[in-house]
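Undergrad: fold the following for me, if possible:
(2 chains)
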Protein chains: 2
Amino acid sequence: MEDIKVKFGHRIKELRLLKGYSQEKLAELSDLDRTYIPGIESGKRNISLVVIEKIAKAFNLSLSELLHNI
Amino acid sequence: MEDIKVKFGHRIKELRLLKGYSQEKLAELSDLDRTYIPGIESGKRNISLVVIEKIAKAFNLSLSELLHNI
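TA: Numbering: from 1, shown residues only, chains lettered A, B, ... in the order given. Here you go, the predicted structure:
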């Protein structure tokens, strides 16, 4: 099975591109350091619940919606 | 808004009790150290995506289902 971090990274990248956000824009909306997003999208970062919530808010999604089909 | 760690902790405790598992049993099924579950249920631990996935598997739920209504 594909690594959950990789699957999550693909999901974030997909949503970000759908919204037309740059990685910097998503970092800003999520209140995360701009170096964070590339690490998430490439599946390298094992992010925490608190960070997952920040990203969900940036996309105006619930946690459940953010993790749909992952 | 209530802290996401606290909401997640309540959710895990609710699911665990529905299944009739002890904290030790859930730790075993999740392949986590037994000291982990009390910290999660009390909302103290900011757990990672990889740990969230382990707990979802222990309950036979998708990540999205595990985080439903959180």
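
Undergrad: could you look up the SS state of residue A:64?
TA: With DSSP: H, G, I helix; E, B strand; the rest coil as the basis, residue A:64 sits in helix.

Undergrad: phi, psi for residue A:48 please.
TA: The phi and psi values for residue A:48, taken as degrees, to the nearest 10, are phi -90, psi 170.

Undergrad: now it: how far from chain B?
TA: 5 Å (Cβ to the nearest Cβ, to the nearest Å). For glycine as for every other residue, the C-beta is placed from the backbone atoms N, C-alpha and C.

Undergrad: and what of residue A:42?
TA: For residue A:42 relative to chain B (Cβ to the nearest Cβ), the value is 14 Å.

Undergrad: which residues of chain A score low on pLDDT?
TA: A:1 (pLDDT under 70).

Undergrad: name the single longest helix found in chain A.
TA: helix A:4-19 (DSSP state H).

Undergrad: heading C-terminal from that helix, find the next helix or strand.
TA: Sequence order places helix A:23-30 as the next helix or strand after helix A:4-19, per DSSP states H and E.

Undergrad: helices or strands next to that next one in the packing?
TA: helix A:4-19, helix A:36-41, helix A:49-58 (3 or more Cβ pairs under 8 Å, 6 or more residues apart in numbering or on different chains; DSSP states H and E).

Undergrad: and the second one, what's buried?
TA: Yep, that's helix A:36-41 we're talking about. Going by neighbour count (16 or more other Cβ atoms under 10 Å in any protein chain shown), the buried part of helix A:36-41 is A:36, A:37, A:40, A:41.

Undergrad: and if you look at the longest one?
TA: By neighbour count, and taking 16+ other Cβ under 10 Å as the criterion, the buried residues in helix A:4-19 are A:4, A:5, A:7, A:8, A:9, A:11, A:12, A:13, A:15, A:16.

Undergrad: and if you look at stretch A:51-61?
TA: A:51, A:52, A:53, A:54, A:55, A:56, A:58, A:59.
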